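Peer 1: I need the structure of the sequence given here:
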Amino acid sequence: MAESLAINGIDDSPRGRLLSAAAHLFRDKGFDRTTVRDIAASVGIQSGSIFHHFKSKEDILYAVMEEVIHFNTARLRDAMAAEATTKGKLRALIRAELQSIVGDTAEAMTVMVTEWRCLGEDKQRKALELRSIYEQLWLDVLTDLHQQGILKTDPFIMRRLLTGMTGWTPNWFDREGPLSLDDLADIILARVIGEQE
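Peer 2: Model (predicted):
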């Protein structure tokens, strides 16, 4: 399974606690309104202690994004590895992304989307390079389905549509409601595959 993730509470190291607190604060207050002192206070340390782990607040933001991209890329790979068919792999990707967006990495995923502009140009480029690995996993599966004739829509366009479907989920999905993430993954898969026929 995917390695431990600092920002979802699995990693209880000082660095892990800092990233988890930062993800929470960046999501709730925004990057600009969150201070290093806020982050330090939320984990019970002096603000100067943060600089043993990170050089700047921007480095903390980048670390949150880097962690969540690495973790969720590993999650996608693990999910696909358990499937024998290309359709099964697509369903696994959908389910894994839903888990990332409304489950254990939801705060960091929100931060990645909403606070992107706060990274400097160099860090944005590095994060995009990491994100392209994640996206390529999707495009490979969608391209396979396209080549098999199962998917009629261009793979790049379909990925953008899938991003919209999964990305909007936190705005309406109720984890305690009658619809499970598995049910939702099946519905999305049926829209993608079923609509092609």
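
Peer 1: count of neighbours near residue 161?
Peer 2: For residue 161, the tally of surrounding residues (other Cβ atoms under 10 Å) stands at 15. In this view, the C-beta of every residue, glycine as well, is placed from N, C-alpha and C.

Peer 1: how close does it sit to residue 192?
Peer 2: 8 Å (Cβ to Cβ, to the nearest Å).

Peer 1: show me where pLDDT drops low in the protein?
Peer 2: 1-11, 195-197 (pLDDT under 70).

Peer 1: the helices in it, which residues?
Peer 2: Here the chain has its helices, by DSSP state H, at 14-29, 36-43, 57-81, 86-102, 106-114, 121-147, 155-167, 181-189.

Peer 1: Next, the angle from the fifth one to helix 57-81.
Peer 2: Taking axes from the mean of the first three to the mean of the last three Cα atoms, to 10 degrees, one finds helix 106-114 and helix 57-81 inclined to each other by 110 degrees.

Peer 1: Would you format the helices of the chain as CSV with distance to residue 174 included?
Peer 2: Output for the helices of the chain, formatted as CSV (distance: least, Cβ to Cβ, whole Å):
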stretch, distance to residue 174
helix 14-29, 19
helix 36-43, 27
helix 57-81, 22
helix 86-102, 9
helix 106-114, 13
helix 121-147, 26
helix 155-167, 16
helix 181-189, 11
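
Peer 1: returning to that earlier point: what is in contact with residue 161 and residue 192 at once?
Peer 2: Counting by Cβ atoms under 8 Å, 6 or more residues apart in numbering, residue 161 and residue 192 have no common neighbour.

Peer 1: Spell out for me which residue occupies the centre of this protein.
Peer 2: Geometric centre of the chain, nearest residue: residue 109, 4.5 Å, by Cα atoms, centre = their mean.

Peer 1: From what I see, it and residue 98 are in contact.
Peer 2: No - contact between residue 109 and residue 98 fails when scored by Cβ atoms under 8 Å: they sit 10.8 Å apart.

Peer 1: The closest residue to residue 116 other than its chain neighbours: how many residues sit nearby?
Peer 2: Once flanking residues are discounted, residue 116 sits nearest to residue 124: 7.1 Å by Cβ to Cβ, 6 or more residues apart in numbering. Other residues lying near residue 124 total 15 when counted by other Cβ under 10 Å.
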